[in-house]
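K.L.:
coordinates only, no sequence provided:
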């Protein structure tokens with residue numbers, strides 16, 4: 001256990017911050033999982049909001065949030081016709 005007054009305060013802060021960070025982490029993971037199971041425009045919006053909040057509060061890296069958002073948006077985009085690409089080439 002810490003003895004110095006500031007170290008004791010830091011332990012309290014870390015405990016509180018880790019609880020908040022865990023809540024944010026669970027929120028983005030559940031929204032992403034829900035969107036993957038049932039893709040929809042509203043689900044994508046909710047997942048983007050949760051990922052942006054997690055990146056803003058440094059729970060996850062901003063590039064990880066960007067990567068996840070890119071992968072999720074690919075799930076809702078219509079599939080491109082491969083046959084048309086072959087004809088054009």
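P.N.:
Looks like it arrived, so ask away. Note that the structure is a prediction, hence the values are computed from the model and not measured.

K.L.:
can you say which helix or strand has the residue nearest to the spatial centre of the chain in it?
P.N.:
Nearest to the mean C-alpha position of the chain, counting by C-alpha atoms, centre = their mean, stands residue 51 at 3.1 Å. Assigned by DSSP states H and E, residue 51 falls within helix 41-56.

K.L.:
just how off-centre is that helix within its chain?
P.N.:
In terms of C-alpha atoms, centre = their mean, to the nearest Å, the centre of helix 41-56 is found 7 Å from the chain centre.

K.L.:
for it, buried residues please.
P.N.:
43, 44, 46, 47, 48, 50, 51, 54, 55 (16 or more other C-beta atoms under 10 Å). Placement of C-beta: from N, CA and C, glycine included.

K.L.:
helices or strands up against it?
P.N.:
helix 5-37, helix 62-76 (3 or more C-beta pairs under 8 Å, 6 or more residues apart in numbering; DSSP states H and E).
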